[in-house]
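**Q** kindly generate the corresponding structure for this input.
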Amino acid sequence: MSEVASPPSGAASPWERGAPTAESDPQPLVPEQMRPEGAPTVHLSSATDAPTVPAVPSSTTAGTVLVGRYRLRTRVGSDAAAGAEFWRAEDTILRRDVGATVLRTFTSEGSATTYADEILARALRSGSFEHSGCARLLDVLAPGTGGMPPDILGVAVTEWVPGRSLAEVVADGLIKPLAAARAVAPLAAAAEEAHRHGLVLGCDHPQRVRITPEGRAQLCFALPRRDVAPADDVRGLGAVIYTLLTSRWPLSSVDAARAGLGAAERTPAGSLIPPSEQRPGVPVELDALANGTLGPNGAPGQVHTAAAVHRLLTEVVAEHDRVALFPPADDGVPSDPGDVWQDRGRAVTPPDPKRRRKLAIALTALAAAVLLVGGYIAIQVSSVFSEGNTPPIVVGGAPVAPPNVPPGGATPGQGGIAAVAGVEVYDTVGDHDNAGRVSRVIDGNITSGWSTFSYKQQFPALKPGVGVMVSFATAVQLSELTIQSPSAGTVIQVRSAPTPDAPFNETALITQVTLGDGSTPVSLAGSQPVTHVLLWITKLSGGGDNHVSEIDEVRFLRAGS
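**A** Alright, predicted model coming up:
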């Protein structure tokens, strides 16, 4: 998870500028179901069977104490679809601020109680889930608890998230695209982890998310509506990044108005206008993320999982850090004091003589190290081109073959090991299990390896499979494949592929093998020359609710001439 860098001492973070005090938090518009006596009846928009919401006198006002412990201080929002009010409250026992999500009575009929019971039951199931991207659940109050007003169907108490709402953040002006990506990455990581545990955050409402002073988006209020699903979280993540880039909420216009945000602009055909068409400097990846998460189902480039959102945001941040030595594209936002590249005309802090002296010493040491490495490389190169055979390496009196020569004396190109040019995770649904570790399967070290994610259900319940795509520099005729793995019972299809990213239906099956514990040889005799080989896992090792497979090393042998 990418961390947001703190600004220099004495400099105000762009996420803190103009932050209101607790006493000056704005009071949002009162939702329809919370209007005084005589207001018209409305219906929940989230589900066809949602109960009606007649006007009821509110017993939740500033100063109300729930169950003798939680004093409501400031209402900061509401979610009409869930029949919920969001409050900043005080835990009078522990003397700390908390967030309180209050479920209000919808109707006098029993359906409202059933509706609320399902929401509370789901909250109780998520009680053990903790992640830095969402506020920790502290307490759940069921109806009938002593000291609970009669028109309240339940309360969820969470840690209070300091900072500002989305509306307050974008009110100060445009946010740098990189800062927006850094902000949403922790929230996406929380959604990814929650979905792995069968939970849903409900981050598709603008007032459920706050931005901390460090610039991290964090889910602050619990009890989402009953019918919320993981796909809604994915759309919510896209909506948060879209709002930070454009200052407009792209989902419900009613929720946008209650949150103090403008509704997103759309084309005459009803499509969202991409962020890059509304402001300069938006990376194409963030444009694609907005389109993929907020576009219609089945549209090209649709993003289906929170894991894909998290991975894309992480890659955007990593790519920016990689090219930080070059001036960034103009994004219409003034540079912050902590930015490497500053706007022209900004006052520059005078250089520190001590720092300059330390930098000179460091550069001198680096130059010496470069000379030493250059000399070593020159010696090694000269030894390669010197006459005579490479002498054997002797350890304890036993000769050992030189590096890159496999046991038996075979060399690449003469029926020996086929050199691998590249390897990557191949996944048809976009998760790319542990993609950062896949290079370990060709590092020559059987003590390190790559593994799939741990799944609670066997393939293909959650997805059809996952694989490792191995690429060679040129087409090679293979005779054998050896797979080193501790995951006995794993079933792998060995398939040829025309390109590393070819659709699965364009790959061709060569053979199939069930791995044992340790080294498993796989004959490829009679196969055609290949440039890309896919090791496609169709059955994971393990059982119960823990299915995972590990591959420590793969080695390909050329067919003899």
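
**Q** spatially central residue for this protein, please.
**A** Taking C-alpha atoms, centre = their mean, the centroid of the chain lies closest to residue 310, which sits 2.0 Å from it.

**Q** can you tell me how far the nearest residue to that residue once chain neighbours are set aside is from residue 205?
**A** Ranked by C-beta to C-beta, 6 or more residues apart in numbering and with sequence neighbours excluded, the top spatial neighbour of residue 310 is residue 188, at 3.9 Å. Using the backbone N, CA and C atoms, a C-beta is placed for each residue, glycine as well. For residue 188, the distance to residue 205 (C-beta to C-beta, to the nearest Å) stands at 16 Å.

**Q** quick check: which ranges of this protein have low pLDDT?
**A** Residue ranges of the chain with pLDDT under 70: 1-14, 16-59, 105-111, 323-359, 380-415, 561.

**Q** please enumerate the helices of it.
**A** Under the criterion DSSP state H, helices of the chain are mapped to 110-125, 166-171, 177-196, 230-246, 253-259, 284-294, 306-322, 353-384.

**Q** export those to a markdown table and tack on distance to residue 490?
**A** Putting these into a markdown table (distance: least, C-beta to C-beta, whole Å) gives the following:
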| stretch | distance to residue 490 |
| --- | --- |
| helix 110-125 | 32 |
| helix 166-171 | 45 |
| helix 177-196 | 20 |
| helix 230-246 | 27 |
| helix 253-259 | 46 |
| helix 284-294 | 32 |
| helix 306-322 | 22 |
| helix 353-384 | 40 |
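
**Q** which one's more surrounded, residue 188 and residue 205?
**A** Per other C-beta atoms under 10 Å, whichever of residue 188 and residue 205 has more neighbours is residue 188, with 32 against 29.

**Q** so the more buried one versus residue 537, what's the distance?
**A** From residue 188 to residue 537 the distance is 26 Å (C-beta to C-beta).

**Q** could you do residue 215 as well?
**A** In terms of C-beta to C-beta, residue 215 sits 39 Å off from residue 537.

**Q** and residue 428, what does it touch?
**A** By C-beta atoms under 8 Å, 6 or more residues apart in numbering, the contact set of residue 428 is 463-465, 504.

**Q** mind doing that once more with 7 Å?
**A** Neighbouring residues of residue 428 by C-beta atoms under 7 Å, 6 or more residues apart in numbering: 464, 504.

**Q** which one is residue 75 nearest to, not counting chain neighbours?
**A** Residue 75 sits nearest to residue 87 (C-beta to C-beta, 6+ apart), 5.3 Å away.

**Q** pretty sure the one you found is touching residue 103, no?
**A** No - when contacts are counted by C-beta atoms under 7 Å, residue 87 is not listed as touching residue 103 (11.9 Å).

**Q** in terms of neighbours, single out the busier of these two.
**A** Higher neighbour count among residue 87 and residue 103: residue 87, with 27 against 24, using other C-beta under 10 Å.

**Q** report the beta-bridge partners for that one.
**A** residue 75, residue 100 (DSSP bridges).

**Q** nearest to residue 210, of the helices of the chain?
**A** Of all these, it is helix 166-171 that lies closest to residue 210, at 7.7 Å by C-beta to C-beta.

**Q** name the helices or strands packed onto the closest one?
**A** strand 209-211, helix 230-246 (3 or more C-beta pairs under 7 Å, 6 or more residues apart in numbering; DSSP states H and E).

**Q** contact partners of that helix?
**A** 15, 20, 206, 209, 211, 243-244, 247, 259-261.

**Q** just the CA coordinates of it, formatted as CSV?
**A** The C-alpha atoms that make up helix 166-171 are tabulated as CSV, following Å, rounded to 0.1, in the frame of the first residue of the first chain:
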residue,chain,number,x,y,z
LEU,A,166,-15.2,15.0,-0.1
ALA,A,167,-17.2,18.2,-0.6
GLU,A,168,-14.9,20.1,1.7
VAL,A,169,-11.7,18.8,0.0
VAL,A,170,-12.8,19.6,-3.5
ALA,A,171,-14.2,23.0,-2.5
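
**Q** for it, which residues meet the burial criterion?
**A** 166-170 (16 or more other C-beta atoms under 10 Å).
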